[in-house]
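In: Let's see this in three dimensions:
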Amino acid sequence: MANPVRSACCVVLAAVVVVYAQRHSQQDSHIQYERVGADVTMKCGSMDWDAAVTWTANGTDIDESHLNGSYLILKNVDLSQSGQYYCYEGSSWHLKYQTYLKVGMPPKEPVLMCRSNNYPKGFYCSWHLPTPTYIPNFFNISVIHGTKDMVCEKDATPKNRCHIRYLQLFSTVKYKVTLTVTNALGKNFTTLTFDEFAIVKPDPPESVVAKPVPNNPRRLEVSWQNPSSWPDPESFPLKFFLRYRPLILDQWQHAPSVNSHQQRLPIAALTHAISLRAHLHAHPYMQARHHPEHLWGAVGRSCSLFAPLPWHFLEQDPPLFAVFGGRSRALSTCQLNAHPRNVARLKKVFLMQHQSSWPDRGRISYCGLPAICRCRREV
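Out: Purely as a prediction, here's the structure:
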């Protein structure tokens, strides 16, 4: 004979499972998109207006003050009200309707940029929205060269970028790129029209090294390599532009542009920031159609190097390296000469970079990027 207590427990458990399944069934499931600030009305499926219903949002019962009959009324919705909404019939808790409310915004005009950093292979276009919409967006990009449609191969990462291969070089026909963004609340678009060479901008030079010239501490030697993304430097040579300044000054000093991968600079005994960029050496055809400034590439990240004069490096410490691209190669400890002028100079640099008081004694530390050098006064 079956145990009556066990049978009763099974019946109760089965009833709980049925009610749970009813409350969480997927019948009449919808996704509803609404604009931030809108007034939203939700109907409880096919239920009559005067039917007794209960609404929940993300598992929490909604107060009856938000109901008009069986309708749910949400005034001036905001992002916090996005979520899963359920409507149940009376006290039976039979699920009659469910919807997922997504509150967001229609897209604004997208920001589109096209650039060729690997000329003559092709160019890429990247895009983003100036403000978030908080709901899914779909982008469509079209590229036209004259009357020909071109394929824009999308990158796996980042997702908001695609590459286009040139159909022909030295073309006089303009390129037209149109980007359209669409979501459930609206759409927008932007268009760029440009000449082939107007978007040629090489990446910054690589493997940049700055070091003092041996036996000439008032001169700094800077060397670099072509950007690895530039495919044919022989046919399309690059010219390099270098500028530098002491960190205590705002005005840059400009060195003459060069075709080589090395340049020497006259410097004072201060921490210097160095900026280096490349541009495409003007082809005769390009000179006839474009101002050379259009061909300047991206500015490389600044490097800072603490000049050795009037410092002495301690033998047990590693040499001082320049800091490039936000990466510090090494740190060193240096010892300051006892000359009062040097102490005053270090004090000025320290105060301007760190806005802190000058320590009477002990170790003086440069912390953070650019330019990291731990120094101490000589007694």
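In: going forward, measure contacts and count neighbours with C-alpha atoms only.
Out: Noted.
In: partners of the helix or strand containing Arg218, with directions?
Out: Per DSSP states H and E: Arg218 is located in strand 216-225. Here strand 216-225 has these sheet partners by DSSP bridges: strand 206-213 (antiparallel), strand 262-266 (antiparallel).
In: Taking strand 216-225 as reference, get the angle to the helix or strand that that strand is followed by.
Out: Past strand 216-225, further along toward the C-terminus, the next helix or strand under DSSP H and E is strand 238-246. Put simply, strand 238-246 runs at 140 degrees to strand 216-225, going by axes from the mean of the first three to the mean of the last three CA atoms, to 10 degrees.
In: Just list what strand 238-246 packs against, helices and strands only.
Out: strand 253-254, strand 271-280 (3 or more CA pairs under 8 Å, 6 or more residues apart in numbering; DSSP states H and E).
In: got a list of contacts for stretch 61-81?
Out: 35-44, 47-56, 101-104 (CA atoms under 8 Å, 6 or more residues apart in numbering).
In: what does the average pLDDT come to for it?
Out: In this model, stretch 61-81 carries a mean pLDDT of 96.
In: do stretch 245-263 as well
Out: Per-residue scores along stretch 245-263 average to 82.
In: can you list the weak-confidence ranges in the stretch 251-379 of the chain?
Out: Counting by pLDDT under 70, the ranges of the stretch 251-379 of the chain that qualify are 267-272, 281-379.
In: Domains in this structure, by residue range?
Out: Residue ranges for the domains of the chain, per automatic domain parsing: 25-104, 111-199, 203-379.
In: just the helices in the stretch 1-150 of the chain please.
Out: Taking DSSP state H, counting those that start in this stretch as the test, the helices found in the stretch 1-150 of the chain are 4-23.
In: okay if I get the strands paired with strand 216-225 as JSON lines plus distance to His279 and mean neighbour count?
Out: Compiled in JSON lines, these are given as follows (distance: least, CA to CA, whole Å; neighbours: other CA atoms under 10 Å):
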{"stretch": "strand 206-213", "distance to His279": "14", "mean neighbour count": "17"}
{"stretch": "strand 262-266", "distance to His279": "16", "mean neighbour count": "16"}
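In: mind putting those strands in JSON lines, distance to Glu109 included?
Out: JSON lines is the format used below for these (distance: least, CA to CA, whole Å):
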{"stretch": "strand 206-213", "distance to Glu109": "35"}
{"stretch": "strand 262-266", "distance to Glu109": "44"}
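In: So for Val177, which of the ones you listed sits nearest?
Out: Smallest distance to Val177 across these (CA to CA): 30.4 Å, for strand 206-213.
In: ok and that closest one relative to strand 271-280, angle-wise?
Out: 140 degrees.
In: Need the CA coordinates for strand 206-213. CSV is fine.
Out: Presented in CSV, the C-alpha positions along strand 206-213 are these (Å, rounded to 0.1, in the frame of the first residue of the first chain):
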residue,chain,number,x,y,z
GLU,A,206,58.1,52.3,-35.2
SER,A,207,61.0,51.1,-33.1
VAL,A,208,61.8,54.7,-32.1
VAL,A,209,64.9,55.1,-29.9
ALA,A,210,66.2,58.2,-28.4
LYS,A,211,69.7,58.3,-26.8
PRO,A,212,72.4,60.8,-26.1
VAL,A,213,75.2,61.2,-28.6
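In: Please, a PyMOL command that selects the buried ones among the contacts of stretch 61-81?
Out: Under the burial definition 16 or more other CA atoms under 10 Å, those of the contacts of stretch 61-81 that qualify are selected in PyMOL by:
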select buried, resi 35+36+40+42+43+44+47+53+54+55+56+101+102+103+104
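In: Look at Ser7 and report its pLDDT.
Out: 49.
In: can you check Ala38 too?
Out: Reading off the model, Ala38 has pLDDT 97.
In: count of residues packed around the closest residue to it other than its chain neighbours?
Out: Take Ala38 and drop its neighbours on the chain: the residue closest to it by CA to CA, 6 or more residues apart in numbering is Asn76, 4.9 Å away. Using other CA atoms under 10 Å, Asn76 has 11 other residues around it.
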